[in-house]
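> Okay, here's the prediction I keep looking at, along with the sequence it came from:
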Amino acid sequence: MSDYKMSTKCVQAGYTPGNGEPRQIPIIQSTTFKYATSEDMGKLFDLEASGYFYTRLQNPTNDYVAAKIADLEGGTAAMLTSSGQAANFFALFNICECGSHIVSSSTIYGGTFNLISVTMAKMGIDVTFVSPDCTEEELNAAFKENTKAVFGETIANPALTVLDIEKFAKAAHEHGVPLIVDNTFATPVNCRPIEWGADIVTHSTTKYMDGHGAAVGGAIVDSGKFDWMAYADKFPGLCTPDESYHGVTYAEKFGKEGAFITKCTTQLMRDLGCIQSPQHAFLLNLGLESLHVRMPRHVENGQAVAEFLTSQPQVNFVSYPGLPDNPYHALAEKYLPNGGCGVVSFELKGGRAAAEIFMKHLKLAAIETHVADARTCCLNPASSTHRQMNEEQLREAGIPAGLIRISCGLEDKEDLIADLAQALAAIG
Ligand SMILES: *Cc1c(COP(=O)(O)O)cnc(C)c1O
């Protein structure tokens, strides 16, 4: 469906029923698939024929939805994973191994920061974090002989920095490695990182793509543009025979368009098994069908809430790339011309105590460890995700005690602002 506009793709891409077939994507609730002869099945194992044999590797429901996401992002292949964490781990581990090195933006989701800096370190994979605002020289200086990938988030959760995708893509390509961009917060409706040079795009589909707080999931999309064979010595997993898969050389057999996702499926899904359930894929697709309608409303509410908070005496600062005085406003105008997302951060002057009173009085915005939901929710990191830190440690981490992250849902913005106003008034 690549000639259609975004809205049409959100509704219809990925699955086109034949005559008399179900209009909605069928949930193929089956772990396994039947074949007439062992020879038929053998061809699947040899990757000589395409088809399904076991849902830990692939399932038709998942593939319909992955094909839609590939189309939305402008990629050539995609796969679903059980969570966003699994998506980022698989995307990196598909090309990294013990002894590899990653260059990553420092302002990334806490779970991904931990994944890379702690868990992948235990596997012998090293990382250099760089500020998303670093100069080209600083960025280039972070690379090593063994660097295999560059990683960043289009709009970082929760820092709300905007990645200069072209700057990061240029540095990655000059060093012969791909740029992996986590596009969870922007979604392809507001930014398509591949058009700016990203090679692999990942998602926590748990957030806006599902959009209803119903199903944890992830996705990986390949642009099909990175020439693995041109850097064959860096990527032996893609460019030399895989003895665990009958000697197939992925980059040769599946080309630039298919090698990355095929290897990720046949090796990582086979061995690690973080597959999304077909039920979740079905729910995810329901979310995708309205993504293009929901995102503009999330942005409208985020912008209205950010502007309202800016003018309140109890508020110290508001962080939202859509505000003209935000340090990322120029990058947001370039990469996110239709707006970014509905997540806004702000600091209450009264610190942790003020945050406590404020949040207790909110009626519409629920206190949750979640973002990007149809229902507005908020979180005070100092009393939840970061509660083990004292005031000084919080300051050092750039998370003031009075910081609140609010994820604006799809409610009426006047109701949301009235709710915030009465909770601010309660602080006194
Ligand atoms: C939530 C999130 C993740 C992790 O996704 P899960 O689905 O919770 O595993 C990764 N990246 C970003 C940007 C996120 O917001």
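Perfect, thanks for sending it.
> List the residues that contact the closest residue to Glu174 other than its chain neighbours.
Distance criterion C-beta to C-beta, 6 or more residues apart in numbering; nearest residue to Glu174, sequence neighbours excluded, is Asn140 at 7.2 Å. (C-beta placed from N, C-alpha, C; glycine too.) By C-beta atoms under 8 Å, 6 or more residues apart in numbering, the contact set of Asn140 is Ala171, Glu174, His175.
> For Asn140, I want the exact helix or strand it lies within.
Assigned by DSSP states H and E, Asn140 belongs to helix 136-141.
> just to revisit the earlier point, pick the one among the contacts of Asn140 closest to Ile404.
Closest approach between the contacts of Asn140 and Ile404, by C-beta to C-beta: Ala171, at 34.4 Å.
> can you give me the strands for the stretch 151-300 of the chain?
When assigned using DSSP state E, counting those that start in this stretch, the strands of the stretch 151-300 of the chain occupy the ranges 179-182, 200-204, 218-222.
> Which one of these lies nearest to Gly409?
So among the strands of the stretch 151-300 of the chain, strand 200-204 is nearest, using C-beta to C-beta, at 17.2 Å.
> Export that closest one to CSV, keeping only CA atoms.
Output of strand 200-204 as CSV, limited to C-alpha atoms (Å, rounded to 0.1, in the frame of the first residue of the first chain):
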residue,chain,number,x,y,z
ILE,A,200,16.3,0.3,11.8
VAL,A,201,13.2,1.6,13.7
THR,A,202,11.9,0.1,16.9
HIS,A,203,8.7,0.6,18.9
SER,A,204,7.2,-0.1,22.2
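> tell me what it is packed against?
Under the contact definition 3 or more C-beta pairs under 8 Å, 6 or more residues apart in numbering; DSSP states H and E, strand 200-204 sits against helix 84-93, strand 179-182, strand 218-222.
> I'd like the ones you listed written out as a markdown table, with mean pLDDT and mean neighbour count added.
Output for those, formatted as a markdown table (pLDDT from 0 to 100; neighbours: other C-beta atoms under 10 Å):
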| stretch | mean pLDDT | mean neighbour count |
| --- | --- | --- |
| helix 84-93 | 98 | 25 |
| strand 179-182 | 98 | 30 |
| strand 218-222 | 98 | 30 |
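> of those, which approaches the ligand most closely?
Closest to the ligand of those is helix 84-93 (C-beta to the nearest ligand atom; 2.2 Å).
> What confidence value was assigned to Phe53?
The per-residue pLDDT reported for Phe53 equals 90.
> There's contact between it and Phe33 in this structure, I believe.
Yes - assessed by C-beta atoms under 8 Å, Phe53 is found in contact with Phe33 at 5.5 Å.
> Could you say which of the contacts of Asn140 is surrounded by the most neighbours?
Of those, Ala171 is surrounded by the most neighbours, 23 neighbours in total, counting by other C-beta atoms under 10 Å.
> Which elements pack onto the helix or strand hosting Val103?
Assigned by DSSP H and E, Val103 belongs to strand 101-105. Using 3+ C-beta pairs under 8 Å, 6+ apart as the contact test, the elements touching strand 101-105 are strand 126-130, strand 147-153, helix 165-174.
> Quick check: which of these is nearest to the ligand?
Closest to the ligand of these is strand 147-153 (C-beta to the nearest ligand atom; 5.1 Å).
> so that closest one versus strand 200-204, what angle?
Relative orientation of strand 147-153 versus strand 200-204 (axes from the mean of the first three to the mean of the last three C-alpha atoms, to 10 degrees): 50 degrees.
> helices or strands next to strand 147-153 in the packing?
helix 84-93, strand 101-105, helix 165-174, strand 179-182.
> How far off centre is it?
The chain centre lies 14 Å from the centre of strand 147-153; the measure is C-alpha atoms, centre = their mean, to the nearest Å.
> what are the pairing partners of that strand, and which direction each?
Strand 147-153 has the following sheet partners, assigned by DSSP bridges: strand 101-105 (parallel), strand 179-182 (parallel).
> show me the contacts for Asp182.
Neighbouring residues of Asp182 by C-beta under 8 Å, 6+ apart: 84, 88, 108-109, 112, 151-154, 201-204.
> now the residues you listed as a markdown table including distance to the ligand?
Formatted as a markdown table, these follow (distance: C-beta to the nearest ligand atom, whole Å):
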| residue | distance to the ligand |
| --- | --- |
| Gly84 | 2 |
| Asn88 | 6 |
| Ile108 | 7 |
| Tyr109 | 4 |
| Thr112 | 5 |
| Phe151 | 11 |
| Gly152 | 10 |
| Glu153 | 5 |
| Thr154 | 9 |
| Val201 | 12 |
| Thr202 | 7 |
| His203 | 8 |
| Ser204 | 3 |
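> now, among those, which is nearest to His292?
Nearest to His292 out of the contacts of Asp182 is His203 (C-beta to C-beta; 15.5 Å).
> Hmm, the closest one is touching Ala87, no?
Yes - if you go by C-beta under 8 Å, His203 and Ala87 touch, sitting 6.3 Å apart.
> which parts of the top helix by length along the chain are buried?
Secondary structure of the chain per DSSP state H: the longest helix is helix 291-310. Neighbour-count burial for helix 291-310 flags 291-292, 294-295, 297-309 (criterion: 16 or more other C-beta atoms under 10 Å).
> by contact count, what packs against the helix or strand just after it?
Downstream of helix 291-310, the first helix or strand assigned by DSSP H and E is strand 315-319. Contact here means 3+ C-beta pairs under 8 Å, 6+ apart; on that basis strand 315-319 packs against helix 291-310, strand 343-348.
> Please identify which of those is closest to the ligand.
With C-beta to the nearest ligand atom as the measure, strand 343-348 is the member of the helices and strands packed on strand 315-319 nearest the ligand (9.1 Å).
> Who are the packing partners of the closest one?
Packing partners of strand 343-348 (3+ C-beta pairs under 8 Å, 6+ apart): helix 291-310, strand 315-319, helix 351-361, strand 403-407.
> after the last one comes which helix or strand?
In this case it means strand 403-407. From strand 403-407 onward toward the C-terminus, using DSSP H and E, the following helix or strand is helix 413-427.
> and if you look at the second one?
For strand 315-319, the succeeding helix or strand toward the C-terminus, using DSSP H and E, is helix 329-335.
> And the average pLDDT for that next one is what?
Averaging pLDDT along helix 329-335 yields 98.
> Can you list the neighbours in contact with it?
154, 162-165, 186, 191, 196, 321-323, 326, 339-340.
> Can you give me the separation between Lys5 and Val189?
11 Å (C-beta to C-beta, to the nearest Å).
> For the residue nearest the centre of the chain, which non-adjacent residue is closest in space?
In the chain, the centroid-proximal residue (C-alpha atoms, centre = their mean) is His203; its distance is 2.7 Å. Excluding its sequence neighbours, the residue lying closest to His203 (C-beta to C-beta, 6+ apart) is Ala219, at 4.4 Å.
> Cheers, nothing more for now.
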